[in-house]
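1. The sequence isn't on hand, but the structure is:
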């Protein structure tokens, strides 16, 4: 199976889309702080061992921690990871629940290992931070 990876442009477009749909702060605006960090997250995903879920977990963790955008980093990481899993013919099992914002914050703070994030994406289960 050939794995389809996101492009830099797709990730930037996802940030624009997320900020237009879900504004958390009045000051939310699309601005790329580092294209290098986005490319690094894509490269980490491409070189990650394991299945699509493991690669998606690496992508999510790297996108969250990279802080490559001025706003919407966690929202963008979530939607990019979801899109990656779906484009590769798998099921994304995380429910669209605002309560998971705390988990995304926990990922940012390093409270979750990649294998925990993999399990979350694959089976929809994760411990609360």
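-> On my side now, so go ahead. It should be emphasised that the depicted structure is a prediction, and the values quoted were computed from it without experimental measurement.
2. For the spatially most central residue of the chain, which non-adjacent residue is closest in space?
-> In the chain, the centroid-proximal residue (C-alpha atoms, centre = their mean) is residue 77; its distance is 2.4 Å. Leaving aside its chain neighbours, residue 77 sits nearest to residue 63 (3.5 Å; criterion: C-beta to C-beta, 6 or more residues apart in numbering). Heads up, the C-betas are built off the backbone N, CA and C, glycines and all.
3. Counting neighbours, what do you get for the one you found?
-> 31 (other C-beta atoms under 10 Å).
4. For it, list the residues it contacts.
-> When contacts are counted by C-beta atoms under 8 Å, 6 or more residues apart in numbering, residue 63 is found next to 11, 38, 41, 73, 76-77, 80-81.
5. Residue 1: which of the residues you listed is nearest?
-> Of all these, residue 1 sits closest to residue 81, with 18.2 Å by C-beta to C-beta.
6. Let's verify the closest one: helix, strand, or coil?
-> Look at residue 81: counting by DSSP: H, G, I helix; E, B strand; the rest coil, its state is helix.
7. Of the contacts of residue 63, which belong to helices?
-> Cross-referencing the contacts of residue 63 against helices under DSSP state H gives 11, 38, 41, 73, 76-77, 80-81.
8. Show me where the chain dips below the pLDDT cut-off.
-> In the predicted model, the chain carries pLDDT under 70 at residues 22-27.
9. how about the helices in this structure?
-> Going by DSSP H, the chain shows helices at 8-21, 35-47, 52-66, 73-87, 101-108, 114-123.
10. Quick one: closest of those helices to residue 1.
-> helix 52-66 (8.6 Å).
11. Would you agree residue 101 is in contact with residue 64?
-> No. Assessed by C-beta atoms under 8 Å, residue 101 is found out of contact with residue 64, at 11.5 Å.
12. And these two? Which one has more around it.
-> residue 64 (26 against 13).
13. Now do the more buried one against residue 75, distance only.
-> 10 Å (C-beta to C-beta, to the nearest Å).
14. Next one: the spatially closest residue to residue 124 that is not a sequence neighbour from residue 80, what distance?
-> Excluding the flanking residues, the one nearest residue 124 by C-beta to C-beta, 6+ apart is residue 93, at 3.7 Å. Here residue 93 is placed at a distance of 16 Å from residue 80 (C-beta to C-beta).
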